[in-house]
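Undergrad: sequence and predicted structure below; questions after.
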Amino acid sequence: MLLGCFILISLSIKAQSLENFLEDAYANNPELKALQLEYESALERGKQVNQLSDPQLGIGVPVLRPETRVGPQVLMVNASQMFPWFGTLKTKEDIALTMAKTKYERIALTRLNLNYLIETSYYELFLIQEKQEILKKHIALFKGLENSSLSKVSSGSASVADVLSLQIKGSELAQQIEILELQKQEFYALVNAKVNRSIDEKINLEGNYRSLALIEYDLTKYEEKIIEFHPLIQQLNWQIESSEKEQKLNNLSGKPTIGIGLDYALVLNRTDMIPIDNGKDILVPKIMVSLPIYRKKYKAKNQEESLIQESLHYQKEELSNQFLARLEGLKSKYDQQILNIQYKQAQLELTASAFQILLAEYSNKNLRFDELIQIQNKQLQYELDVITAVLNTYKIKAEIDRLTNY
């Protein structure tokens, strides 16, 4: 029984891991589902354009029957089918499939953004949790000082004001813990909405993010990944390819269209005489050719697509430059966080030593109480700053991953 309970608890905790949230988001996120259906519907367009035009069938009954040598025509039927130039239908299908691929890149881009949002929200929740633990630890420290001060008040060697100051500080920290608890609700709602769960469902965090996020910064490698894999760049590539195929289709549209047809006329027998082939029906096979002699529109279409392609190439270049500039900025932020952590950790060591000295002086001589409280406040702030900077490195890494399609 105990083993079963332990397994259930373990599974519940595991279900709250960051990786599990991402898997659930891929499977359940409504936006991803909508984009997937949009992509599948776009694929169906290829089947629609890769078809011949419908054949034409006509039936006519002359009001005034034309007379022929072998008898009057009483019914006329004609049928025809047009055929585009060789390769036209395949090119239309290729264009539709290429445009569908731009829809697929929207799915990939949404997944990247979903990753980033869930990861950063998860890190924010972890940061809130760590801040609460730090605050609880310092509440206990202030409580210890309060007990010490109460003993000194009882012996007449300390002021009641010291006790009240410590109680006020403890209440302030307790209130901060409550505020942080309320802040969790925002991130619960944000993550749960993306996973398509009840927005107020609590999240039990798994994992340890107290160490620095490691980043192997290689700008050349990042640039290669951006150009080759990033969905926004790939969208532009597919648009360029589609434009090139539009030019090909335009050139094919400038070729003749060939049609075949058949005309049939029902002829009745003559009654006034009996000629050879009396009442013989008429059957006329025919071939039709459209002649696209007006070339101006085809030249204009090719020029239009060439300009579109040139514009898309410039957009790719600009987008790549923006990404690289952003990566440089993120590297700078990451280095700043490292320096900030190193500085604050050094300050923590100094304040810890100073606190012990001041605590000894207060305990023995009832001196420097205000400085003792002040140094304790600095310790608290340095600890909060360190964990905030550490979690910032994870958020910076998450954004780098989003830019480089990791």
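TA: Great, that's in hand.

Undergrad: residue boundaries of the strands in the stretch 51-200 of the chain?
TA: Taking DSSP state E, counting those that start in this stretch as the criterion, the stretch 51-200 of the chain carries its strands at 56-60, 67-68, 71-83.

Undergrad: let's have those strands in TSV, adding distance to E310.
TA: Where C-beta positions appear, they are placed from N, C-alpha and C, glycine not excepted. Listed next are the strands of the stretch 51-200 of the chain as TSV, based on distance: least, CB to CB, whole Å:
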stretch	distance to E310
strand 56-60	41
strand 67-68	63
strand 71-83	34
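
Undergrad: from the chain's centroid, how far away is stretch 51-71?
TA: Relative to its chain's centre, stretch 51-71 lies at 59 Å (CA atoms, centre = their mean, to the nearest Å).

Undergrad: what does it rub up against?
TA: 72-84, 89, 267-270, 275-280, 282 (CB atoms under 8 Å, 6 or more residues apart in numbering).

Undergrad: got the buried residues for that stretch?
TA: 68, 70-71 (16 or more other CB atoms under 10 Å).

Undergrad: again with stretch 214-222
TA: 215, 222.

Undergrad: now for the spatially closest residue to H138 that is not a sequence neighbour: which residues touch it?
TA: Spatial nearest neighbour of H138, chain neighbours left out: L380 (4.8 Å); criterion: CB to CB, 6 or more residues apart in numbering. Residues near L380 by CB under 8 Å, 6+ apart: 134-135, 138, 173.

Undergrad: show me where the stretch 151-300 of the chain has its helices.
TA: Under the criterion DSSP state H, counting those that start in this stretch, helices of the stretch 151-300 of the chain are mapped to 160-195, 219-229, 231-253, 296-365.

Undergrad: with respect to I373, which of the ones you listed lies nearest?
TA: helix 160-195 (6.4 Å; CB to CB).

Undergrad: which helices and strands sit right next to that closest one?
TA: Judged by 3 or more CB pairs under 8 Å, 6 or more residues apart in numbering; DSSP states H and E, helix 160-195 is in contact with helix 18-28, helix 88-154, helix 369-404.

Undergrad: tell me the angle of the shortest one relative to helix 160-195?
TA: With axes from the mean of the first three to the mean of the last three CA atoms, to 10 degrees as the basis, helix 18-28 and helix 160-195 are set at 40 degrees to each other.

Undergrad: for helix 18-28, list every residue counted as buried.
TA: So helix 18-28, judged by 16+ other CB under 10 Å, has buried residues 18, 21-22, 24-25.

Undergrad: please convert the residues you listed to a markdown table, extending it with distance to E181.
TA: Compiled in a markdown table, the buried residues of helix 18-28 are given as follows (distance: CB to CB, whole Å):
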| residue | distance to E181 |
| --- | --- |
| L18 | 21 |
| F21 | 20 |
| L22 | 25 |
| D24 | 24 |
| A25 | 25 |
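
Undergrad: adding pLDDT, write these out as a markdown table.
TA: As requested, these are exported to a markdown table (pLDDT from 0 to 100):
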| residue | pLDDT |
| --- | --- |
| L18 | 89 |
| F21 | 87 |
| L22 | 90 |
| D24 | 89 |
| A25 | 91 |
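
Undergrad: where does the stretch 101-250 of the chain dip in pLDDT?
TA: Within the stretch 101-250 of the chain, the stretches with pLDDT under 70 are 155-158.

Undergrad: how about the stretch 301-406 of the chain?
TA: In the stretch 301-406 of the chain, residues with pLDDT under 70: 366-367, 406.

Undergrad: quick one: which of the strands of the stretch 51-200 of the chain is nearest S154?
TA: strand 71-83 (107.0 Å).

Undergrad: let's see that closest one as PDB, backbone CA atoms only.
TA: Provided in PDB are the C-alpha atoms of strand 71-83 (Å, rounded to 0.1, in the frame of the first residue of the first chain):
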ATOM      1  CA  GLY A  71     -31.800  14.900 -94.900                       C
ATOM      2  CA  PRO A  72     -32.700  17.500 -92.300                       C
ATOM      3  CA  GLN A  73     -30.600  17.900 -89.100                       C
ATOM      4  CA  VAL A  74     -32.800  17.500 -86.100                       C
ATOM      5  CA  LEU A  75     -30.200  17.300 -83.200                       C
ATOM      6  CA  MET A  76     -26.700  18.500 -82.700                       C
ATOM      7  CA  VAL A  77     -24.200  17.400 -80.000                       C
ATOM      8  CA  ASN A  78     -20.700  18.800 -79.400                       C
ATOM      9  CA  ALA A  79     -18.100  17.800 -76.800                       C
ATOM     10  CA  SER A  80     -14.600  19.300 -76.200                       C
ATOM     11  CA  GLN A  81     -11.700  19.100 -73.800                       C
ATOM     12  CA  MET A  82      -8.900  21.600 -73.400                       C
ATOM     13  CA  PHE A  83      -5.400  20.500 -72.400                       C
END
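
Undergrad: partners of that strand in the sheet?
TA: strand 56-60 (antiparallel), strand 67-68 (antiparallel), strand 257-267 (antiparallel) (DSSP bridges).

Undergrad: tell me which residues of the longest one are tucked away?
TA: In other words, strand 257-267. 257, 259, 261, 265, 267.

Undergrad: can you put the strands of the stretch 51-200 of the chain in CSV and add mean pLDDT and distance to P231?
TA: As requested, the strands of the stretch 51-200 of the chain are exported to CSV (pLDDT from 0 to 100; distance: least, CB to CB, whole Å):
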stretch, mean pLDDT, distance to P231
strand 56-60, 93, 44
strand 67-68, 83, 69
strand 71-83, 92, 39
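
Undergrad: so which of these comes closest to L164?
TA: strand 71-83 (96.2 Å).

Undergrad: run the chain-centre distance for that closest one.
TA: That offset, for strand 71-83, works out to 58 Å (CA atoms, centre = their mean).

Undergrad: now do stretch 29-43
TA: The answer for stretch 29-43 is 13 Å, by CA atoms, centre = their mean.

Undergrad: buried stuff in that stretch?
TA: So for stretch 29-43, counting by 16+ other CB under 10 Å, buried means 29, 31-32, 35-36, 39, 42.
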